[in-house]
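Student: sequence first, then the predicted structure, then my questions.
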Amino acid sequence: MNFLYDISAVEIGQHFYWSLGGFQMHGQVLINSWIVLGLIIAFAVTTTRDLKPVPEGGQNLAEFVVEYIRDIAKTQVGHDYLEWTPFIGTLFLFIFVSNWSGALIPWKLIELPHGELGAPTNDINTTVALALLTSLTYFYAGLKKKGLEYFGKYVQPTPILLPINVLEDFTKPLSLSFRLFGNILADELVVAVLVSLVPLVIPIPLIFLGLFTSGIQALIFATLAGAYIGEALEGH
Amino acid sequence: MVSLAEGFGFNTNILETNVLNLAVVLPIVFTLGRDTLTSMLDTRREKILGSLRSADDRFKQAQLELDTAKAELATANDKVKDIKSEGRKTLEALTAEQSSRMAEVATRFAGLKDETIRLEEEKAIAQFRKQLVNVAFEKAIVGIQSQMNASLHRKYIDAKISLMTSRL
């Protein structure tokens, strides 16, 4: 019995804690975030070092990615989309690379004293940070464009809806963070559980499913962030 | 077996680390991703090349048009010069003609003037003559009337008659 328990044991809620100024931090998440950032920065630097009028190879890929992100921003934000493209693009790239790195890189080869490496987005702290940044950004966008008149949207179309409108500002980051966190953690858990039960072949389709949902989640997060910004910007 | 390791290290358990599954997944993802990506990037590159080429073509065409326009401008300039010189020529011809006509008119006027003066002179002379004759006649008549008497009258008539007969 103990043997079966050991086979099916999956680590969850174990963290590699770092403490800094009285705060406990999840070290494995930070390490993975840095790795993801390094990957993205390395990609950006290597592909744009030698720019040509007719894009070749890496430059072509980088331009394709930028165009894709710009299209997302354009369709969601609308008129002044260029100002918000970097933010949305950062969200998309960070989440996408995080999710895929979690699914594709065999992190379990490396052992930590506690916890295990994985996608940075499988930690609620990361997703909440991203969602709160989105909230800040759309508030900033609205206030910058309309000043204090921005708060007039809370009594639109009728003051009766004021509580719901206020509530929306809380539900937006909540849903953003929990959706991403839940999806990624679930993906990784499903794969991890299956690997511990049936180590070969069976997890493969689920890894592909995980890749698919990971990409979708990145797209959804970026799209929703753009939509919120666009909503804050749209005038009455 | 799963163990909560105390410290950094490498997990060498192949089954536990999911390496074999990933060894299957990664090549598939890479090949699929590379194929779709390369085709997408190639079409994108072709599109960019095409637009660059068409822009180049348009530039060349525009240059050609510019050249023809420049040539047209040059011919137009030549034409303008021609027209200017022609106009100057005609102006000169016209002024020459004008001056010659003026001279002609002047001479004609001068002739007319001389004629008129001559005519007036003649008229004046004729009138003067007539007046002179009239005055002579009047004086003769007065003289005749004052000196005429019967014997003289008869003499005169006789002389006239004899003149008439001699003439016949």
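Tutor: Nice, thanks for sending it over.

Student: list the helices and strands the biggest helix by length in chain B packs on?
Tutor: What stands out as the longest helix in chain B, according to DSSP state H, is helix B:19-147. Counting contacts by 3 or more C-beta pairs under 8 Å, 6 or more residues apart in numbering or on different chains; DSSP states H and E, helix B:19-147 packs against helix A:57-77, helix A:81-104, helix A:203-233. C-beta coordinates here come from the backbone N, C-alpha and C atoms, glycine included.

Student: tell me, what residue is most central in chain B?
Tutor: residue B:83 (7.8 Å; C-alpha atoms, centre = their mean).

Student: meant to ask about chain A, not that
Tutor: residue A:95 (3.2 Å).

Student: tell me how far that residue lies from residue B:113.
Tutor: Noted for residue A:95: a distance of 115 Å to residue B:113, by C-beta to C-beta, to the nearest Å.

Student: next one: residue B:127
Tutor: 21 Å.

Student: do the same with residue B:151
Tutor: Distance, residue B:151 to residue B:113, by C-beta to C-beta: 60 Å.

Student: what does chain A put close to chain B?
Tutor: Applying C-beta under 8 Å from any C-beta of the partner chain, we find that chain A lies next to chain B at A:6-7, A:9, A:11, A:14, A:53-56, A:60-61, A:63-64, A:104, A:106, A:108-114, A:191, A:195-196, A:199-201, A:203-204, A:207-208, A:211.

Student: among these, name the buried ones.
Tutor: A:55, A:60-61, A:63-64, A:104, A:106, A:108-112, A:114, A:191, A:195-196, A:199, A:203-204, A:207, A:211 (16 or more other C-beta atoms under 10 Å in any protein chain shown).

Student: low-confidence stretches in chain A?
Tutor: A:1-13, A:235-236 (pLDDT under 70).

Student: report the longest helix in it, please.
Tutor: Scanning chain A for the longest helix, with DSSP H as the assignment, gives helix A:162-197.

Student: tell me which other helices or strands that helix touches.
Tutor: Taking 3+ C-beta pairs under 8 Å, 6+ apart as the contact cut, helix A:162-197 packs with helix A:2-8, helix A:81-104, helix A:124-146, helix A:203-233.

Student: out of the ones you listed, which is closest to residue B:30?
Tutor: helix A:81-104 (9.6 Å; C-beta to C-beta).

Student: parallel or antiparallel, list what pairs with the very next helix or strand once past the closest one.
Tutor: From helix A:81-104 onward toward the C-terminus, using DSSP states H and E, the following helix or strand is strand A:110-111. Here strand A:110-111 is paired, per DSSP bridges, with strand B:9-10 (antiparallel).

Student: residues in contact with the partner strand?
Tutor: Applying C-beta atoms under 8 Å, 6 or more residues apart in numbering or on different chains, the contact partners of strand B:9-10 are A:109-111.

Student: go on, stretch A:205-214?
Tutor: Stretch A:205-214 is contacted from outside by A:96, A:99-100, A:102-104, A:119, A:183-184, A:187-188, A:190-191, A:194, B:21-22, B:25, B:28-29, using C-beta under 8 Å, 6+ apart.

Student: I'd like to know which of those are buried.
Tutor: Buried among the contacts of stretch A:205-214 (16+ other C-beta under 10 Å): A:96, A:99-100, A:102-104, A:119, A:183-184, A:187-188, A:191, A:194, B:21-22, B:25, B:29.

Student: any idea whether residue B:12 is helix, strand or coil?
Tutor: Here residue B:12 is coil, with the state taken from DSSP: H, G, I helix; E, B strand; the rest coil.

Student: quick one: it and residue A:102, what's the gap?
Tutor: In this view, residue B:12 and residue A:102 are 21 Å apart by C-beta to C-beta.

Student: what's the burial count for residue B:62?
Tutor: 10 (other C-beta atoms under 10 Å in any protein chain shown).

Student: distance of it relative to chain A?
Tutor: To chain A, residue B:62 is 19 Å away according to C-beta to the nearest C-beta, to the nearest Å.

Student: so what pLDDT did that residue get?
Tutor: pLDDT for residue B:62: 96.

Student: what's the answer for the one 4 residues further on, then?
Tutor: The per-residue pLDDT reported for residue B:66 equals 96.

Student: what is the neighbour count of it?
Tutor: Residue B:66 has 10 nearby residues by other C-beta under 10 Å.

Student: residue A:59 too?
Tutor: As a burial measure, residue A:59 scores 19 neighbours (other C-beta under 10 Å).

Student: show me the contacts for the residue lying closest to it once chain neighbours are set aside.
Tutor: Distances taken as C-beta to C-beta, 6 or more residues apart in numbering or on different chains put residue A:47 closest to residue A:59, at 5.4 Å, once the chain neighbours are dropped. The contact partners of residue A:47, by C-beta under 8 Å, 6+ apart, come to A:58-59, A:61-62.

Student: please apply the same query to residue A:76.
Tutor: Counting by C-beta under 8 Å, 6+ apart, residue A:76 touches A:88, A:223, A:225-227, A:229-230.

Student: look up phi and psi at residue A:23.
Tutor: Phi and psi for residue A:23, reported as degrees, to the nearest 10, are phi -100, psi 140.

Student: next one: it from chain B, what distance?
Tutor: Going from residue A:23 to chain B by C-beta to the nearest C-beta gives 22 Å.

Student: partners of that residue in the sheet?
Tutor: With DSSP bridges applied, residue A:23 shows beta-bridge pairing to residue A:20.
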